[in-house]
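S.K.: Prediction below, plus the sequence it came from.
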Amino acid sequence: MPENDVDPTSAPSYGTPRQDDSELSVVSTGPAASLAPLVDRARSYVEAASSANTRRAYASDWKHFAGWCRRKGLATMPPDPQTVGLYITALASGETAPRAKPSAVSTIERRLSAISWNYAQRGLTLDRRDRHIATVLAGIRNRHAAPPRQKEAILPEELIAMVETLDRGTLRGLRDRAMLLIGFAGGLRRSEIVALDCGRDQSEDGNGWIEILDKGMLVTLRGKTGWREVEIGRGSSDLTCPVAAVETWLKLGRIGHGPLFRRVTGKGKAVGPERLKDQEIARLIKKTVLAAGIRGELPEAERIKLFSGHSLRAGLASSAEVDERYVQKQLGHASAEMTRRYQRRRDRFRVNLTKAAGL
């Protein structure tokens, strides 16, 4: 494999023998062979250090960087801040490839993080504080940075309209209702919704589980900030109650163990064993937004861009009329400031420092 095409998903190469050290091979006999289980476990821990989505994104970003280096006759190894500085300059100016468009600052920062991560997996260090990177990036931010474009929040009345577009007489409709309602009421990320199991320790790829109680549902999940518990109370009506929706889905889908939300097969008449991908949540939101006629005054293409998986979390943060700290806990945010970013409608001037200062 050419130098610029090093496997972007490679991790620390546990058990990989050098050409002159064949005794290190994990397939040989002797003490090294006994280490094979530990090598496999180490690899699994390396993979668990970051999500599959993150690894896929970082692999794609590394491939983009390596391809640019190859076309420019530059080497990716060892890490060279000047090469990286030229690369992010090309990203900002849209000169990474023919007909390429200038990249957003957020995209440039993500690609830079991906490059640093890939070097780290090889035991190498990219000095991001080097002037060839830090100064160029500061200039890109000053010239091209724009306020973040937040996705629209889905408000309660809009969520109800979306849910009503789903057929309660089909398994797919029951599943989709449950996903929308639990995602909103729990303030869950789309990855957290599909990662849930019916109970604890029921699957290798699960990142959480549910426990249905008399007064509601306790969701235990592993998110970006670690393990946390989310309480989802029962609603005022079975038609909009997230707990009732999950109970109905479990009963009619005949699900008692393993992934909570799965693919519906057999022309919609059976539930398969496979866990849904998180992209299905985004597709479901966009589909039901259109079906419910939300923001119908806009063209369809524009309406689709306004909403995403985060629209459910933003909807809860914007609608729950309780003390802000409870919303912060539900969303799993480390700071109140992060929670406020999700609040699309709130009383911004409830505390008037101008008057409090005597003016």
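M.R.: It's in.
S.K.: tally of neighbours for Ile154?
M.R.: 30 (other Cβ atoms under 10 Å). Glycine gets a C-beta too; all of them are placed from N, C-alpha and C.
S.K.: So for the helix or strand encompassing Ile88, what gets flagged as buried?
M.R.: Counting by DSSP states H and E, the element that carries Ile88 is helix 81-93. By neighbour count with 16 or more other Cβ atoms under 10 Å, helix 81-93 contains the buried residues 81, 83-92.
S.K.: Looking at these, which one is closest to Leu171?
M.R.: Leu91 (45.0 Å; Cβ to Cβ).
S.K.: Go ahead and confirm that closest one touches Ala104.
M.R.: No. The pair Leu91 / Ala104 is not scored as a contact, 9.3 Å apart, by Cβ atoms under 8 Å.
S.K.: Give the residues shared as contacts by these two.
M.R.: Applying Cβ atoms under 8 Å, 6 or more residues apart in numbering, one finds that no residue jointly contacts Leu91 and Ala104.
S.K.: Which stretches in the stretch 51-200 of the chain count as helices?
M.R.: Listed in chain order, the helices of the stretch 51-200 of the chain (DSSP state H, counting those that start in this stretch) span 52-72, 81-93, 105-121, 131-144, 156-164, 171-186, 190-194.
S.K.: Mind telling me which residue is nearest the centre of the chain?
M.R.: Against the mean C-alpha coordinate of the chain, by Cα atoms, centre = their mean, the closest residue is Ser191 at 5.6 Å.
S.K.: Once you drop chain neighbours, what's closest to it?
M.R.: Asp278 (4.5 Å; Cβ to Cβ, 6 or more residues apart in numbering).
S.K.: How about Leu306?
M.R.: Nearest residue to Leu306, sequence neighbours excluded (Cβ to Cβ, 6+ apart): Glu152, at 4.4 Å.
S.K.: so what's the one you found up against?
M.R.: Counting by Cβ under 8 Å, 6+ apart, Glu152 makes contact with 295, 306-307, 311, 314, 344.
S.K.: can you rerun that using 6 Å?
M.R.: Counting by Cβ atoms under 6 Å, 6 or more residues apart in numbering, Glu152 makes contact with 306-307, 311.
S.K.: got those as a markdown table, with neighbour count columns?
M.R.: Below are these laid out as a markdown table (neighbours: other Cβ atoms under 10 Å):
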| residue | neighbour count |
| --- | --- |
| Leu306 | 17 |
| Phe307 | 25 |
| Ser311 | 26 |
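S.K.: Can you list which of those are found in helices?
M.R.: 306, 311 (DSSP state H).
S.K.: circling back: quick one: which of the buried residues of helix 81-93 is nearest Gly67?
M.R.: Tyr87 (10.6 Å).
S.K.: Local confidence estimate at that closest one?
M.R.: For Tyr87, the pLDDT comes out at 97.
S.K.: In contact with it: list those residues for me.
M.R.: Tyr87 makes contact with Trp68, according to Cβ under 6 Å, 6+ apart.
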